[in-house]
Every structure is written in structure tokens, then in C-alpha cells.
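J.: Return atomic coordinates for the entry below.
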Amino acid sequence: MDHFYGTARRQGAAALAALLLSSSAVEAQTPAHAAQPGAAAAARTIGADAILRDIRVLASDAYEGRAPGTRGEDSTVAYIADQFRRAGLAPGNPDGTYFQTVPLVGTTSRLGASATVAGTKAELRQLEDVVAWSMRPESLVAVRDAELVFVGYGVVAPEHDWDDFKGVDVRGKTLVFLVGDPPVPDPRDSTKLDPRIFRGPAMTYYGRWTYKYEVAAAKGAAAAIIVHQTGPAGYGWSVVASNVGRERFDVEGGPQHVPVEGWMQLDVARRLFAAGGQRFDSLERAAGTRAFRPVSLGGSATFEVRNAVRTVRSRNVVARLTGSDPALRREYVLHTAHWDGYGIGRAIGGDSIYNGALDDGSGVAWLLATARAYRALPRAPRRTILFMAVTAEEQGLLGARWYGQHPLYPLERTLADINMDIMNPWGRTRSIVSLGYGLSTLEELLAREARADGRTVRPDPEPEKGYFYRADHFELARRGVPALSFLFPGGDAYVGKPDDYGQRMRAAYLANDYHKPTDEVKPDWDLAGIVDDTRLLFRVGLDVANGTTRPAWKPGTEFGTARD
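T.: This is a model prediction of the structure:
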């Protein structure tokens, strides 16, 4: 694993302390946007009607769920580019277009699978028992009788003196993982997790499913299967199941994948472990200790995956507002949101179009509203402002990854990325939630602008779900670009609502609509909070664009090292 993932945990007390120590200096400064002619009037152009109109268009059935490589992509990128053009923004690609081509390879898998434990063979049914696929661009991928080995959380983290493999050769084997990070008790309080190891209750990159598959590939495994548990995964089995039969994408020429990847139902894992004479709960507890070693499950697994393979030229949509200061216009402030959704898939309740109204039609609407506000300024900010609607976020941040590897504008001169993934349609709030709370000086600007509105900045209330590693800003942050990112930015402090209102609304959305055809525009939405957040972040972007100080990562964070 590259050094970034080996150090991507150090975001704790040092960063928060630095944030607090520097806040008084920030308060004493005059906001840079205050010197921008027409800033207040431009912010007032951000309104609910235009935002709702854009969401309705993007989430309409005519856009077919906005999957990459479909007619829905063609309609979506055409609409976004047209809105940029109508707003008076220049094409963002130096080649004179609004598009950056992102070469993808798509695979659609049909699975046959079985497990044999203690001499008894059982079918592993796609959807009911497992959801598995192959990302290898081959028509047939076969894994025959690969020994089943439980590898705990599958973590190799030298900075925590943690190695779940202990030198055991797992080449050619089917590895069974737990999702999430090892839960290490705090020696000072056994009812809590140790914040010094894997950031305590917060999920780190080691806990993400992407890391599990990466380490399996690096170890030469034949298959990597994660036991699904709703809490640490952050979503129920229905979200995993919605991917059955769906086309999956990777960047063309991307990293080598383990032959078979997938998930397994928790009760299926319990039965397999028991058939081999093992207790799942006991091994799960053992996996939370440094002493854990891989455990053979006394059986093997067989997978046969038949793939339909195609190449796709997908697109990031990019627009530019050139800065007004000749000395600074070659520095950039980037705004991002992903345009893609899940397209047409398995029907639920007779509906097969996964409209993606909140995820992330709302984020694209935020991007367009922000772009129009910048263009409403009588004079452009000092630095150049970039707007990018990226492709294939739902496939693993692929559009953002491609831009990070092939930037249209130098990343070392990109001062910030402000990213939005799922806005708050449930009313006004007294706070705004920042993912990765306390990591960069951008948050100081955010806090100052929030105070001007009588609001506060709060940390992610669900850090155990690892949202910081699940949005497009991450691909820029890991390359050193300071970033702010938002998901359900309202938090829990809703005006005129009970304290648990925000938590209940998020939970209901995740249970009922997230990655489902029911993610549609709702008649009871209240977009006042979206308007507040969009205006607030517009001012933050202006502060960066006109400011005299470059944003920076806080001491002790891994992202500053990446920029260095």
C-alpha cells in the first residue's frame, strides 16, 4: 500500500488544538469577500427556485438515473455544460471545451458461486447470500476451490504496530474480511475506543471496503469477501444488493484487482464459520487485537464470473471564471460535485430508475447555483474559479481520481477544493457539518463566515461511517489540495425542530431512499437550509479567491505531507 494509506490516520488532537489556537487571529482579519464589489448582491441570487429546478431536471426519469456510458450521461453532461454556458462561464478545459474525457472500462458480471466446508458443499446465491463480481476486464474469471481464510480486518498499519497477516502466505486463497477498523478499547476507559489507534470510533481508510480489496490484491489473493454488518458499513444489505447485475467501472489501465470481490451476508458467514468448527463472535473479538493471525475456515470457495466488458469515454464537466488579478489568476479555487448516479437497475416497487435527486442531483444544483453567483459579480475575484461536475463517483471516485492524475490546472496552484455530496432538504439549521473536522485552515474561514450568520461549525456526527474517504474531494486531498467537503451539512441543530430531527431524517433517507429508485424530489422538502449553505460556501470560496494567505493543512495531518 502506498505511504498515504499507511499514514492516513493522524488527524486527532494536534489538528484540533492548532485550529483552536489560530482561531483568534482569524477572527481579527477582515473577510476577503468584504472587499469584493457586489458580493452580497451576488449571494442573494442564490435561491430555492433555481436549485429545485435543476434537481428536478437532473432527477427526472428522462435522465435515466445518470449512469456513466449511457444516454443518461449524454443528457446530463449536455445540461450541465449548457447551464455553465448560459451563466457566461468559459469552457474549463484548455482545449476550448467544457469536457475532460475520462476513459473507463465497464464490466457487468454474472456469478455462480459455492462454498465447501467440512466436506459439505453449499451454493452461494447471488443477492440472497453474497453479492460478488469481478473487475477484471475478462469474459470469464474462474476461482476453483480456493481455501477460505479469515483475515480479521485485513489491516497492515506499521504506524500502529498492526499486521493482521503476520507473514502468512494468502496467495490464491479466498480471504474473508470484517468491514471497519479494529475496535481497540481505550486503556483509560474500557467503555470507549482508543482515539490514538485508528482514530477511535471514527472510520479510517483501513476500514473502507476499498482498502480491503486493495490489500487482497497486493497479497495475491484469489478472492476478497467482506462480511456485511450494517453499523460499520454505514448502510444496509439492500444498498449492497442494489448493485446486483449492475455495470461496474474502473479507470482504463487502472490498478490490478483481485479476481473476485464481494460481500457476504452476516448470517451466511456465521453458518460457514460454524460448519468449520469456528465461532464467528469469538474470531471477531480476536480480530480486535494485535495478536490476531489468519485463521483457516476448514473449507474452500469456488467462483465463476462471466463478464460483459466494454470501454466508455465518460466526461467530467468543467467551467472557468478567469481571475481579475494578473498576478493571481494562475491560482485556482475549485468547486466539485458528482453528476453520476446508479442509472437503471433492479426494480424496487415497480420502479427501476435510480433518480438520484439528493445523491447527487442536489450537489450539482449547488454547483450550478454557486457558479451563477460568481458570474453575477460585477468583477471576477482575484483568483480563477473552477467548477467541475465529475463522473463515476459512485464507482469509486473515478472522475476525481482521473482529474487528480491528469489535472487541467496545476494542483500545486489549486488553493482549495470545496465539495458537495448530498445537501440538506429539511430546513434551516444553526450549524453546518464539516467532514474531516479540524484538518485545514479552510475550516477557520468556514467558521468565521458561519458566525456571521449566527451559526457554528460541527464535526461529522457519524465519523464511524468514514464519509471523509467516500467523496470526490478525497482524491484531491490525498494529492495535497486543502479541501472542505459536505454530506448532509445540516447536522442536528435544526431551527424549530427537536434535537434528534436531523438524525431521524438522515436515518430515514439512508434506509428508504439512498441508492434506491425512491431518491426523488419530495413534496415536503424545505430548501431554506440549502440556500443558506450555498450562500455561506460562496462567501468562503470568495475569501479564498481574494485572500492574501494560502489555505494549508493543519500540522499533523497526512495531506500536508502529500503537498510537500
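
J.: and the gap between the residue of the chain most remote from its centre and V143?
T.: Ranked by distance from the centre of the chain (Cα atoms, centre = their mean), the top residue is G119, with 41.6 Å. Going from G119 to V143 by Cβ to Cβ, to the nearest Å gives 20 Å. No exception for glycine: its C-beta is placed from N, CA and C like everyone else's.

J.: same question, L445
T.: Using Cβ to Cβ, L445 is found at 51 Å from V143.

J.: ok, the two, which is more surrounded?
T.: Remark: of L445 and V143, L445 carries more neighbours, 26 against 23, as counted by other Cβ atoms under 10 Å.

J.: What helices and strands are in contact with the helix or strand hosting H335?
T.: Taking DSSP states H and E as the criterion, H335 maps to strand 332-338. Under the contact definition 3 or more Cβ pairs under 8 Å, 6 or more residues apart in numbering; DSSP states H and E, strand 332-338 sits against helix 363-375, strand 384-390, helix 398-405, strand 414-420, helix 473-477, helix 528-546.

J.: Please convert the ones you listed to TSV, extending it with distance to R271 and mean pLDDT.
T.: TSV is the format used below for the helices and strands packed on strand 332-338 (distance: least, Cβ to Cβ, whole Å; pLDDT from 0 to 100):
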stretch	distance to R271	mean pLDDT
helix 363-375	41	98
strand 384-390	41	98
helix 398-405	35	97
strand 414-420	41	98
helix 473-477	36	96
helix 528-546	45	97
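
J.: Which among these is found nearest to F198?
T.: Closest to F198 of those, according to Cβ to Cβ: helix 473-477, at 17.5 Å.

J.: got a list of contacts for the closest one?
T.: Contact with helix 473-477 is made by 334, 336, 397, 400-401, 403-404, 411, 414, 417, 419, 436, 468, 483-485, 559, 562, as judged by Cβ atoms under 8 Å, 6 or more residues apart in numbering.

J.: same question for the helix or strand in which R448 is found, mean pLDDT?
T.: Here R448 sits within helix 442-452, counting by DSSP H and E. Per-residue pLDDT over helix 442-452 has a mean of 96.

J.: Same question for stretch 168-182.
T.: 97.

J.: how far does it sit from the chain's center?
T.: For stretch 168-182, the distance from its own C-alpha centre to the chain's C-alpha centre is 23 Å (Cα atoms, centre = their mean, to the nearest Å).

J.: The lengthiest strand in the chain: partners in the sheet, and parallel or antiparallel?
T.: When the chain is parsed with DSSP state E, its longest strand is strand 295-321. Next to strand 295-321 in the sheet, as set by DSSP bridges, lie strand 90-91 (antiparallel), strand 99-117 (antiparallel), strand 140-150 (antiparallel), strand 384-390 (antiparallel).

J.: show me the residues around N546 that make contact.
T.: Residues near N546 by Cβ under 8 Å, 6+ apart: 32-33, 35-36, 381-383.

J.: Apart from its chain neighbours, what residue comes closest to it?
T.: Nearest non-adjacent residue to N546, counting by Cβ to Cβ, 6 or more residues apart in numbering: A32, 3.9 Å away.

J.: And V176, by the same measure?
T.: Leaving aside its sequence neighbours, V176 sits nearest to F150 (Cβ to Cβ, 6+ apart; 4.8 Å).

J.: just P378 next, same as before
T.: In space, P378 comes closest to G38 once its chain neighbours are excluded; the distance is 4.5 Å by Cβ to Cβ, 6+ apart.

J.: Correct me if wrong: the one you found contacts R375.
T.: No - between G38 and R375 there is no contact under Cβ atoms under 8 Å: 11.1 Å.

J.: Looking at the two, which one has more neighbours?
T.: Neighbours per residue (other Cβ under 10 Å) separate G38 from R375, with R375 holding more: 18 against 11.

J.: Pick out whichever of the contacts of N546 sits closest to A157.
T.: Using Cβ to Cβ, R383 comes nearest to A157 of the contacts of N546, at 38.0 Å.

J.: State the distance from that closest one to P551.
T.: Distance of R383 to P551, computed by Cβ to Cβ: 12 Å.

J.: More neighbours: which of those two?
T.: When neighbours are counted by other Cβ under 10 Å, R383 comes out ahead of the other of R383 and P551, with 28 against 21.

J.: Identify the residues contacting that one.
T.: 323, 325, 328-329, 331-333, 415, 544-546.

J.: give me that answer again for 6 Å
T.: By Cβ atoms under 6 Å, 6 or more residues apart in numbering, the contact list for R383 reads 323, 328, 331, 333, 545.

J.: now T370
T.: Taking Cβ under 6 Å, 6+ apart as the criterion, T370 is in contact with 335, 538.

J.: what about stretch 440-459, distance to the chain center?
T.: 22 Å.

J.: Can you list the buried residues in it?
T.: Neighbour-count burial for stretch 440-459, counted by 16 or more other Cβ atoms under 10 Å, picks out 440-450, 455, 457-459.

J.: ditto for stretch 245-257
T.: Neighbour counts using 16+ other Cβ under 10 Å place 246-251, 254, 257 of stretch 245-257 among the buried residues.

J.: Pull that stretch out as CSV, backbone CA atoms only.
T.: Included here for stretch 245-257 are C-alpha records, laid out as CSV according to Å, rounded to 0.1, in the frame of the first residue of the first chain:
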residue,chain,number,x,y,z
GLY,A,245,-26.4,-7.1,-12.3
ARG,A,246,-25.2,-3.5,-12.5
GLU,A,247,-22.3,-2.4,-14.7
ARG,A,248,-19.2,-1.5,-12.7
PHE,A,249,-16.5,0.8,-13.9
ASP,A,250,-12.8,1.4,-13.3
VAL,A,251,-10.3,3.7,-14.9
GLU,A,252,-8.9,2.2,-18.1
GLY,A,253,-5.4,0.8,-17.3
GLY,A,254,-6.1,1.2,-13.6
PRO,A,255,-4.7,-1.0,-10.8
GLN,A,256,-4.9,-4.8,-10.9
HIS,A,257,-7.9,-6.1,-9.0
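
J.: who touches that stretch?
T.: 68, 103-108, 135-136, 217, 345, 392, 395, 398, 402.

J.: out of those, who's nearest V240?
T.: Among the contacts of stretch 245-257, G345 lies closest to V240 (Cβ to Cβ), at 12.7 Å.

J.: What strands line up against the helix or strand encompassing that closest one, and which way round?
T.: In this assignment (DSSP H and E), G345 forms part of strand 344-348. Sheet pairing for strand 344-348, assigned by DSSP bridges, gives strand 351-353 (antiparallel).

J.: What's the mean pLDDT across the partner strand?
T.: 97.

J.: can you pull the buried residues of that strand?
T.: Within strand 351-353, the residues that count as buried by 16+ other Cβ under 10 Å are I353.

J.: Over to stretch 307-325?
T.: Residues 307, 312, 314-321, 323-324 are the ones in stretch 307-325 that count as buried (16+ other Cβ under 10 Å).

J.: Could you dump these into a markdown table with distance to L283 and pLDDT added?
T.: Listed next are these as a markdown table, based on distance: Cβ to Cβ, whole Å; pLDDT from 0 to 100:
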| residue | distance to L283 | pLDDT |
| --- | --- | --- |
| N307 | 33 | 97 |
| V312 | 41 | 97 |
| S314 | 41 | 98 |
| R315 | 46 | 98 |
| N316 | 43 | 98 |
| V317 | 47 | 99 |
| V318 | 48 | 98 |
| A319 | 52 | 98 |
| R320 | 54 | 98 |
| L321 | 56 | 98 |
| G323 | 57 | 98 |
| S324 | 62 | 97 |
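
J.: Out of these, which comes closest to P201?
T.: Nearest to P201 out of those is N316 (Cβ to Cβ; 34.4 Å).

J.: check contacts around that closest one.
T.: With contact taken as Cβ under 6 Å, 6+ apart, N316 is in contact with 100, 102, 388, 390-391, 399.
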